[in-house]
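Participant: Structure for this input, please:
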Amino acid sequence: MTVDVQATRDVVDIITGGWRAQALYTAVKLALPDHIEAGRDTDAELAKATGANEHGIHRLMRLLVAMGVFEGSDSTGYRRTRVSAALLEGPQSLGEMCLLYGEEFYSAWGHAHHAISTQSSGFEEAYGQPFYQYLGQDAAAARRFGLTMNAASMFFHQVPEVFDFSGKHVVDVGGGGGHLLATILGAAPDARGTLLDQEHMLPKAREHLSATVGPDRAELVGGDMFQGVPEGGDVYILCRVLAGHDDEAVVRVFEHVRGAMADSSSRLLVLDRFVEDENSTVLPALWDLHLLVTTGGEHRTIERITRLLDRAGLEIAGTAELPMETTALIVAPRTA
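Facilitator: Numbers count the residues shown, from 1 in each chain. Below you'll find the model as predicted:
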C-alpha cells in the first residue's frame with residue numbers, strides 16, 4: 001500500500017493545531033511580544049523578565065520563530081513580526097483574545113466530544129456553569145471577553161459605509177463596550193445613540209463613549225434585550241448577540257425591536273456571521289462549532305434568520321458584506 005505523504009502531513013498539521021495555539025497563548029501569558037518590543041531580545045533577558053526557565057524560553061521561541069510569530073534568534077536577537085505586533089498591549093491588541101482562547105475556551109474544547117454528542121455546552125461541562133453566568137462571577141474573565149469582542153471588531157469602521165446613520169437615533173442592543181456605537185456616532189456627527197446592555201457592562205461603555213464622542217451623544221440603559229428594548233429608535237443594531245440563544249429567544253428580541261421602532265421607516269441592522277450548508281468556508285463553520293462548545297449556541301443560515309424575522313413582522317430589505325466573513329442584514333418592518 002502506497003503511503004499518502006501529503007495526507008499524513010495534513011492530518012499532523014490539523015491535530016497539532018492545538019499545540020501551536022497553546023504556544024502562542026504562552027507567549028502572550030509571558031508578555032513576550034511586549035518584552036521583545038522593549039528590547040529584551042535574547043533567551044536570557046526574556047527568562048529574567050518573565051521568571052521562566054531560560055531553556056524553556058529558548059525552545060518556545062524556536063517554535064514561535066518557525067510559526068512566524070517572531071523573527072531572529074537568540075544569537076542575533078529576536079524581532080517582532082506583523083503577527084506579534086498584533087499582540088502588543090493596547091486597545092486593538094489580540095492578546096486578551098489569546099488568553100481567553102488559551103484558558104477558558106481551550107478547556108471548553110477539551111469537552112468537544114460531549115458538546116457534539118449531546119448538543120450542549122462543553123464549557124458548562126468543564127466549569128459547571130453556563131459561560132455567561134461564569135462571566136458574571138469572574139471579573140477578569142469578563143474583562144478578557146469584553147476586550148476580545150472589541151479586538152475582533154475590525155469590521156466596525158465599514159458599518160457606516162453600508163448604511164446612512166445621518167440624523168438618526170441609533171439604538172445598539174447588547175452594545176457591550178460601546179465601540180460600534182462610538183464608530184457610528186463618529187461617522188455621523190448629527191446622530192445620537194442609546195446603548196442597551198447588562199448593568200456590569202455600562203461603566204466601560206460610558207468611559208469609551210465619553211472619551212471618543214463625548215458624554216452627551218449617547219444614553220446608556222441597563223437592561224435585558226429579552227425583556228425589552230428602548231423605544232423610539234430610527235435604527236436598531238444587533239451585532240453578534242443572537243448566536244448564543246435559541247430561536248424562540250431570538251424571535252422575542254425581534255418582536256421587542258419591531259414594537260419599539262419609531263415608525264415604518266425605522267430599520268434593524270443584524271451584523272453577524274451566517275453559515276452555509278453547501279460549500280461552506282472554514283471560518284463560519286468553525287465559529288459555529290465554537291459556539292456549541294462554549295455556549296450551546298449556533299450560527300444560523302440567512303434562510304433561517306429570515307423565517308425568524310418574518311415571525312416578528314420584519315423582512316430583509318438588503319444585505320452588505322463586511323470583513324471577516326460578516327454580513328449586514330438591513331431589516332425593515334413588514335408592510336403587508
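Participant: Leu202 reaches Leu220, doesn't it?
Facilitator: Yes - look at Leu202 against Leu220 with CB atoms under 8 Å: they come within range, at 5.0 Å. Every C-beta, even on glycine, is put in place using the N, C-alpha and C of the backbone.
Participant: Would you mark the buried spots in stretch 38-46?
Facilitator: Across stretch 38-46, burial judged by 16 or more other CB atoms under 10 Å covers Arg40, Asp41, Thr42, Asp43, Glu45, Leu46.
Participant: show me the residues around the third one that make contact.
Facilitator: Right, Thr42. Asp74, Gly77, Tyr78 (CB atoms under 8 Å, 6 or more residues apart in numbering).
Participant: Extract the C-alpha set from the worst-scoring helix or strand of the chain on mean pLDDT and format it as PDB.
Facilitator: Counting by mean pLDDT, DSSP states H and E, the chain has its least confident helix or strand at helix 139-151, which shows a mean of 81. Taking only C-alpha atoms (Å, rounded to 0.1, in the frame of the first residue of the first chain), the coordinates of helix 139-151 have been written out as PDB:
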ATOM      1  CA  ALA A 139     -14.400  40.000  36.600                       C
ATOM      2  CA  ALA A 140     -11.100  39.100  35.000                       C
ATOM      3  CA  ALA A 141     -12.700  36.700  32.500                       C
ATOM      4  CA  ALA A 142     -15.500  39.200  31.800                       C
ATOM      5  CA  ARG A 143     -12.800  41.800  31.100                       C
ATOM      6  CA  ARG A 144     -11.000  39.400  28.700                       C
ATOM      7  CA  PHE A 145     -14.200  38.600  26.900                       C
ATOM      8  CA  GLY A 146     -15.100  42.300  26.500                       C
ATOM      9  CA  LEU A 147     -11.600  43.100  25.200                       C
ATOM     10  CA  THR A 148     -11.800  40.100  22.900                       C
ATOM     11  CA  MET A 149     -15.000  41.300  21.400                       C
ATOM     12  CA  ASN A 150     -13.500  44.800  20.900                       C
ATOM     13  CA  ALA A 151     -10.400  43.400  19.300                       C
END
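Participant: before we move on, the earlier item: what residues are shared contacts of Leu202 and Leu220?
Facilitator: Contacts common to Leu202 and Leu220, judged by CB under 8 Å, 6+ apart, are Leu195.
Participant: So which residues of the stretch 1-150 of the chain form helices?
Facilitator: With DSSP state H, counting those that start in this stretch as the criterion, the stretch 1-150 of the chain has helices at 5-15, 17-29, 32-37, 43-50, 54-67, 82-85, 95-102, 104-109, 112-118, 122-127, 131-137, 139-151.
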